[in-house]
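S.K.: Dropping a prediction and its sequence here:
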Amino acid sequence: MVTIFCNYAEYFLVVIAVGLLFAPVIHYLINDWVARQREILSSFTKRAIRRYFKIFFFNELGASKNPKLDFTNLYNKRFGRRHFIIPAICLLAVVVFLAVPISWTVFLWLHKESNYRLDLPPLAVAAVAGAYMWVLYDFIRRTQRRDLGPANLYMGSFRFVVAIPLGFAVAALFKDEVGVAIAFLLGAFPTDSLFTLGRRIVISKLNMGNSQEESSYELENLQSIGRAEAERFADEGVARILQLAYADPIGLTIRTNFSFSYVVDCCSQALAWLYFQQDLAKMRRFGLRGGQEISTLVSEIDKLCPSGTRSLEDIAKQAKKCLELVAAEMKMDAQALERPMREITEDPYTCFLCDVWCETADVN
């Protein structure tokens with residue numbers, strides 16, 4: 001057994017490296033992917049499903065008698081685990097292609113008398129090792145956050161492919177004795193940061209002027225979105241509040257890997273921002289954070305909400321009083337303020353978000 005291990009030690013190293021890299025991916029697909037699917041599918045009543053199909057996939061539902069099943073099939077068709085197959089194969093091919101010569105080189109360094117077939121430069125080995133460190137760390141971190149998608153596997157493959165040329169390019173800017181360390185330590189930087197660093201180096205060396213810091217994202221105007229969240233939305237093509245207001249929340253949830261409830265809340269705020277913009281901050285003091293809360297207020301004014309322990313008349317009076325206070329805070333006429341509120345309330349996207357958010361009775 002010891003002899004076999006010694007003779008094929010480099011291949012055991014490859015198997016361990018590949019297995020360790022794919023372990024977080026397999027864990028995500030077996031456990032966390034199922035949990036995310038359950039989180040989204042359980043948020044929809046039949047009424048919300050029908051409204052979702054009507055808004056985003058008008059021709060998909062038809063006269064089906066089982067919208068729940070149709071919704072599940074649509075979800076699996078768009079976001080099923082099969083979408084991980086091709087990215088995983090690409091990543092496996094790239095990792096094995098690089099890991100085999102790297103392991104040969106490492107064992108050649110350890111056993112000079114051995115006759116291995118390939119001896120790579122130390123800088124190339126360091127660059128690939130640094131890329132492996134980053135990709136493995138990224139996969140573990142994303143699995144912990146339930147934030148792993150097919151695109152992340154493609155990005156892992158891309159990071160390995162560019163590791164060696166990027167390592168040589170950056171190391172050339174430093175002295176030879178620190179080149180190997182620099183090539184490895186590049187693995188401590190996210191891929192986006194490396195490209196930012198590369199652009200700054202090129203600008204500096206070519207005297208193209210000082211690079212300007214990126215301006216703030218429009219989405220940062222919403223209460224629940226900071227720079228990091230705005231960047232993740234922008235990466236998926238949603239850089240404007242208007243785009244967010246009318247985005248498919250399921251597709252956006254899967255692509256950004258945010259929680260479904262968080263995306264719904266962001267879309268609700270975006271719908272209200274389109275009408276009130278900066279004044280929306282004043283409305284939050286009265287519990288009106290977005291389209292969902294505004295819809296609830298208008299429904300109470302119209303006495304359409306369940307009364308609970310209070311009469312419908314009491315609910316309407318309180319809602320009217322709240323409207324007057326908000327109007328006074330915004331220095332507007334109450335009737336003038338009520339008009340955009342009703343536009344928001346009657347927007348089909350607001351109706352859909354309210355159906356998803358509220359515990360609506362399940363109707364056929």
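M.R.: Structure received. Numbering: from 1, shown residues only.

S.K.: center of the protein, which residue is that?
M.R.: residue 256 (1.7 Å; C-alpha atoms, centre = their mean).

S.K.: so how many other residues sit close to the nearest residue to that one once chain neighbours are set aside?
M.R.: Using C-beta to C-beta, 6 or more residues apart in numbering and skipping the chain neighbours, the partner closest in space to residue 256 is residue 232 (5.0 Å). In short, each C-beta sits where N, CA and C put it, glycine included. Neighbour count of residue 232, defined by other C-beta atoms under 10 Å: 18.

S.K.: Just the element for residue 232, please.
M.R.: Residue 232 belongs to helix 227-235 when assigned by DSSP states H and E.

S.K.: do the same with residue 85
M.R.: Using DSSP H and E, residue 85 falls in helix 85-110.

S.K.: Domain-wise, how is this protein divided?
M.R.: 2-205, 218-357 (automatic domain parsing).

S.K.: tell me the most buried of those?
M.R.: Per residue and on average, the most neighbours among the domains of the chain fall to domain 218-357, with a mean of 18 (mean count of other C-beta atoms under 10 Å).

S.K.: per-residue confidence averaged over stretch 345-353?
M.R.: Mean pLDDT, computed over stretch 345-353, is 89.

S.K.: What is the end-to-end distance of stretch 77-85?
M.R.: Terminal residues of stretch 77-85 lie 14 Å apart, using C-alpha to C-alpha, to the nearest Å.

S.K.: just for the stretch 1-150 of the chain, where's the confidence low?
M.R.: 1-9, 59-64, 110-119 (pLDDT under 70).

S.K.: again, only this time at 80
M.R.: 1-11, 58-65, 104-120 (pLDDT under 80).

S.K.: the helices in it, which residues?
M.R.: Using DSSP state H, counting those that start in this stretch, the helices of the stretch 1-150 of the chain run over residues 2-7, 9-27, 33-41, 46-56, 58-61, 67-79, 85-110, 122-144, 150-171.

S.K.: now the helix or strand just after the last one, how far from the chain's geometric center?
M.R.: As assigned by DSSP H and E, the chain's next helix or strand after helix 150-171 is helix 176-185. In terms of C-alpha atoms, centre = their mean, to the nearest Å, the gap separating the centre of helix 176-185 from the centre of its chain is 33 Å.

S.K.: Identify the residues contacting helix 176-185?
M.R.: Here helix 176-185 makes contact (C-beta atoms under 8 Å, 6 or more residues apart in numbering) with 122-124, 126-127, 129-130, 133, 167-168, 170-172, 174.

S.K.: In a markdown table: those residues, plus distance to residue 328.
M.R.: Formatted as a markdown table, the contacts of helix 176-185 follow (distance: C-beta to C-beta, whole Å):
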| residue | distance to residue 328 |
| --- | --- |
| 122 | 72 |
| 123 | 68 |
| 124 | 69 |
| 126 | 66 |
| 127 | 64 |
| 129 | 64 |
| 130 | 60 |
| 133 | 58 |
| 167 | 63 |
| 168 | 66 |
| 170 | 60 |
| 171 | 65 |
| 172 | 66 |
| 174 | 64 |
